[in-house]
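Trainee: Fold the following for me, if possible:
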Amino acid sequence: MKKLLLLGLFFSTISLYAQTPQDLINDFFLTYEKDPGKAVKEMYKTNIWTERIKDDIEIIANGLNGFVEDFVGKYYGYELITNQKFTESFELYSYLVKYDRQPLRFTFKFYKPNDTWVLYGFQYDDSFSAEIEEAAKINYMYQDK
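Mentor: Numbering: from 1, shown residues only. As a prediction, the model looks like this:
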């Protein structure tokens, strides 16, 4: 029985270190549904170097906690906008986060300095509609007519 328990602990520890950026994002959004600020703080805990920017992380967490139903409406989930793999060790994920009033964009940057993925950067914004309009204009200009 003890061997079985130790084996279980061993494999659960391995799975923590073998997480991919997508696993980290999935965990983030599971927590986000219940507590957005906690989701941000847990995501930043993947990187020991973020200890130096605790105040900035707190500002981000408080900002996300401000998206209450009275302000932006009901939360409906998220959709992947894009995933860019720059190298084997650096990836960017951008998500559309859906609320009644308006969408938000969450951008996650992940870095793998050795064998473990860590959050390198996170930001959110609600001002990406101008980018969408510009992309539509560029797309229209290059369409065959």
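Trainee: Quick check: Asn47 touching Val118?
Mentor: Yes: the criterion here is CB atoms under 8 Å, and Asn47 meets it with Val118 at 3.9 Å. Where you see a C-beta, it was placed from the backbone N, CA and C, and this is true even at glycine.
Trainee: Next up, the contacts around Tyr32.
Mentor: 39, 64 (CB atoms under 8 Å, 6 or more residues apart in numbering).
Trainee: I meant Lys109, not that one.
Mentor: 90-92, 119-122 are the contacts of Lys109 under CB under 8 Å, 6+ apart.
Trainee: now this protein, which segments are flagged as low pLDDT?
Mentor: 1-18, 139-141, 144-145 (pLDDT under 70).
Trainee: try 50
Mentor: 4-16 (pLDDT under 50).
Trainee: which residues in the protein form helices?
Mentor: With DSSP state H, the ranges of helices along the chain come out as 2-17, 21-32, 36-44, 54-65, 69-72, 129-141.
Trainee: Give me the distance from the fourth one to the chain's centre.
Mentor: What that stands for is helix 54-65. Computed by CA atoms, centre = their mean, to the nearest Å, the chain-centroid distance of helix 54-65 equals 14 Å.
Trainee: circling back to that earlier point, and the contacts of Lys109, which is closest to Pro103?
Mentor: Of all those, Pro103 sits closest to Phe122, with 17.1 Å by CB to CB.
Trainee: what about Tyr76, how many residues close to it?
Mentor: Neighbour count for Tyr76, taken as other CB atoms under 10 Å: 11.
Trainee: same deal with Ile57?
Mentor: Neighbour count of Ile57, defined by other CB under 10 Å: 18.
Trainee: again with the one 4 residues further on
Mentor: Other residues within reach of Ala61, judged by other CB under 10 Å, total 18.
Trainee: list the contacts for Phe71?
Mentor: Shown in contact with Phe71 (CB under 8 Å, 6+ apart): Arg101.
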